[in-house]
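J.: Need a 3D model of the sequence below.
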Amino acid sequence: MNDIHTPPLAQAVEHLPRGEDFLLWPPCLQSYGYRIVDRLFATRTIRRGEHPRPLPRAPELDVRYTLDGETRGVSDLMDRNNVAGLLVLHRGHIVLERYGLGFQPHERWSTMSTVKSMTAMLAGAALHDGAIASLDDPVTRYVPALAQCAYDAVTIRHLLTMSSGIAWEENYTDKLSDVNRYSKSLADKVPGGVLALLRACPRAHPAGSAWHYNTGDTYLLGAVLSAATGGTLADYMSARIWQPCGMEFDAYYTLESDDGQEIGGSRAGMALRDIGRFAQFVLDDGMADGRRILPEGWVAQSSAPAFAIPSDQHAAHRRALGLSAYGYSWWLRNDGAMMAMGHSGQRIFIDAAAELAVVQLAAYPEPRYASVNEPDRDAELNAFFAALRQATGTRHD
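T.: Next comes the predicted model:
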C-alpha cells in the first residue's frame, strides 16, 4: 500500500497585498490596494438612504494652471499627481469630474486621514443631539478603559485639536513606529488592540498645551462618539450625514477587529461623488435636506485656528499647500480655506468664500519609492486651486 499522499493540484489563487504594510506599499500596490481596503480589513457599512439624490451639474470648467513657468491642464494634473479621482464643486454643482488609474465612479477609494475631518463633524452632531454635553468632557467618562493612564487628563476638545499631549510617533516609514504598530493591529484584527496601544503611550506634554499629530487620538474620538450615542459610529454617520445628504453609494469604516470599534481616523472607503457631497455639507454649514445636523456655527468653530502648526512639523506638502494652523481636525490655510488631508495624496479643499470644493483621490508614492524626478505634487494641486478660483471669479491674492 502506498502511504505517500499526493499533493493537491495547483489552483488559481488571488494574491492580495499585505494589510499590515498598508502605509508602506509600492505604487503598483497603492493603485490597486486603495480600492479594496474592505477585502484586507474588517469593515462596517455606512448605509446610504433609500432615495439618493443626484448632484446637479453645470457647464464644465476648462481650467489651466501655471507652475514653474509652464501652463498645464487637467490631464497634466491627473498624470503628474497619480490621480484616481478629481471632483470640483462650485455653488453646489459639479463643474469637473475625472477618474484615473482604472478607478470607477461606483468604487470606494481609501479616504486615509481625510476621514478624521468627517468623524470630527460627528462630534458636532453629537453635541447638537445632546449625546455629549461639552467638548470639555473627559474622554474617560465615555471610555473608562483608558482611566489611570496618560489619557486621564484628556478631553474631547483635546482629541479634536490633536493636543492630547500623548507621546505618539506618526512615522509612516518606520515599521516599529506607533502608527505602523497600530496598522499591524488592524491588519491582525486584534480586539482591543488599539486601546492597549494607547494605554501604553506615555505623556509628552500637558494636555491642551501643544499640537502633535496623532492618529490614535481620532480613533479614541470615534470610540467616545460610539459610547456617547449608544450605537456604532457607522450607523451614526449614516443617520446624521450619509442619509440626510443623499449619498449615492454605501461607504464603510474600517474596524479594529471583526465586529469591533470603527477606526475614526483612517482608511475608510468612499466613492468620489459622495466625498464631494460631504464637502458640500460643510459648505452648507451643516445643513442637509432642510435640517440642521450640526450646531449653528460649528463649521466656523472647526475652521478657527486652535494651534499653529509648529515650524519643525511643516512637511513639504504642508508648506506647498499653505497650511499654517489646525482646527477641529481640519487643516487651515493662510488664505482662509480649510482642508482635510490624507496620506498619499487624499485631499479635500473647501473654500467657503468662493463656494468651492475640490476632492482629489490619488496614489502619491511612499517616500522610499520617490525618485529624484518626482514633481512637487501638492504645489501642482495648489496651482490648480488658484486657477479654479480665478475661473470661478474668486481670487485670493
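J.: residue ranges of the helices in the stretch 151-300 of the chain, please?
T.: Assigned by DSSP state H, counting those that start in this stretch, the stretch 151-300 of the chain shows helices spanning 156-160, 178-188, 193-199, 215-229, 233-237, 272-283, 298-302.
J.: Dump those into TSV; add distance to residue 33 and mean neighbour count as well.
T.: Glycine gets a C-beta too; all of them are placed from N, C-alpha and C. TSV is the format used below for the helices of the stretch 151-300 of the chain (distance: least, CB to CB, whole Å; neighbours: other CB atoms under 10 Å):
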stretch	distance to residue 33	mean neighbour count
helix 156-160	28	25
helix 178-188	12	20
helix 193-199	21	19
helix 215-229	18	24
helix 233-237	21	24
helix 272-283	17	24
helix 298-302	31	19
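J.: Of those helices, which shows the lowest average pLDDT?
T.: Mean pLDDT values for these show the minimum at helix 178-188, a mean of 88.
J.: just to revisit the earlier point, figure out which of the helices of the stretch 151-300 of the chain is closest to residue 147.
T.: Smallest distance to residue 147 across the helices of the stretch 151-300 of the chain (CB to CB): 9.6 Å, for helix 193-199.
J.: which one of the helices of the stretch 151-300 of the chain lies closest to residue 101?
T.: Smallest distance to residue 101 across these (CB to CB): 12.1 Å, for helix 272-283.
J.: So what touches the closest one?
T.: 55, 85, 87, 89, 92, 94, 97, 99, 103, 105, 109, 111, 114, 118, 121, 241-242, 245-249, 251, 270, 287-288, 293, 299, 338, 348, 350, 352, 355, 357, 359, 361 (CB atoms under 8 Å, 6 or more residues apart in numbering).
J.: do the same with stretch 257-264
T.: 42, 44, 115-116, 119, 186, 189-194, 218-219, 221-223, 225-226, 232-234, 253-256.
J.: one step back: among the contacts of helix 272-283, the buried ones, what's the ChimeraX command?
T.: The following ChimeraX line selects those of the contacts of helix 272-283 that are buried, judged by 16 or more other CB atoms under 10 Å:
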select :55,85,87,89,94,97,99,103,109,111,114,118,121,241,242,245,246,247,248,249,251,270,287,288,293,299,338,348,350,352,355,357,359,361
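J.: didn't residue 108 look like it was pressed against residue 252?
T.: Yes: assessed by CB atoms under 8 Å, residue 108 is found in contact with residue 252 at 6.9 Å.
J.: Can I get the helices of the stretch 151-300 of the chain in CSV including distance to residue 72?
T.: Converted to CSV, the helices of the stretch 151-300 of the chain look like this (distance: least, CB to CB, whole Å):
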stretch, distance to residue 72
helix 156-160, 37
helix 178-188, 34
helix 193-199, 42
helix 215-229, 33
helix 233-237, 37
helix 272-283, 22
helix 298-302, 32
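J.: Give me the buried positions along the helix or strand of the chain with the lowest mean pLDDT.
T.: Least confident element among the helices and strands of the chain, by mean pLDDT, DSSP states H and E: helix 316-320 (a mean of 81). When neighbours are counted by 16+ other CB under 10 Å, the buried residues of helix 316-320 are found to be 317, 318, 320.
J.: got the contact list for the first one?
T.: In other words, residue 317. Counting by CB under 8 Å, 6+ apart, residue 317 makes contact with 341, 377, 378.
J.: Isn't the last one up against residue 315?
T.: When you say that, I think you mean residue 378. No: Residue 378 is beyond contact range of residue 315, at 9.6 Å (criterion: CB under 8 Å).
J.: who's more crowded, the two?
T.: The neighbour comparison of residue 378 against residue 315 (other CB atoms under 10 Å) goes to residue 378, with 23 against 11.
J.: now for the helix or strand where the more buried one lies, which elements pack on it?
T.: Applying DSSP states H and E as the criterion places residue 378 in helix 377-391. Contacts defined by 3 or more CB pairs under 8 Å, 6 or more residues apart in numbering; DSSP states H and E place helix 377-391 against strand 64-67, helix 74-80, helix 316-320, strand 346-351, strand 356-362.
J.: What residues of it count as buried?
T.: 377-389, 391.
J.: Nearest to residue 34 among these?
T.: residue 377 (15.7 Å).
J.: thought the closest one was touching residue 79?
T.: No: in this structure, residue 377 is not within contact of residue 79 by CB under 8 Å, at 11.0 Å.
J.: Name the residues contacting each of these two.
T.: Common neighbours of residue 377 and residue 79 (CB under 8 Å, 6+ apart) do not exist.
J.: Quick check: residue 196 vs residue 145, distance?
T.: Separation of residue 196 from residue 145 (CB to CB, to the nearest Å): 9 Å.
J.: what do you get for residue 192?
T.: 8 Å.
J.: likewise residue 207?
T.: Counting by CB to CB, the gap from residue 207 to residue 145 is 18 Å.
J.: Pick out whichever of the two has more residues nearby.
T.: Under the criterion of other CB under 10 Å, the comparison of residue 207 against residue 145 puts residue 207 first, with 21 against 14.
J.: Could I get the contacting residues of the more buried one?
T.: Applying CB under 8 Å, 6+ apart, the residues near residue 207 are 153, 154, 155, 158, 163, 164, 165.
J.: Any of those residues buried? List them.
T.: Buried among the contacts of residue 207 (16+ other CB under 10 Å): 154, 155, 158, 163, 164, 165.
J.: Tell me the one among the residues you listed nearest to residue 21.
T.: For the buried ones among the contacts of residue 207, the nearest to residue 21 is residue 164 (27.1 Å; CB to CB).
J.: okay but that closest one is in contact with residue 158, surely?
T.: Yes: at 4.8 Å, residue 164 counts as touching residue 158 under the criterion of CB under 8 Å.
J.: Residues that sit against both of those two, list them.
T.: Each of 207, 217 lies in contact with both residue 164 and residue 158 under the rule CB under 8 Å, 6+ apart.
J.: still on that earlier bit, okay, the buried residues of helix 377-391 in TSV with distance to residue 139 and pLDDT next?
T.: Output for the buried residues of helix 377-391, formatted as TSV (distance: CB to CB, whole Å; pLDDT from 0 to 100):
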residue	distance to residue 139	pLDDT
377	36	95
378	33	96
379	38	96
380	39	97
381	34	98
382	35	97
383	40	98
384	39	98
385	35	98
386	40	97
387	43	97
388	39	97
389	39	96
391	44	94
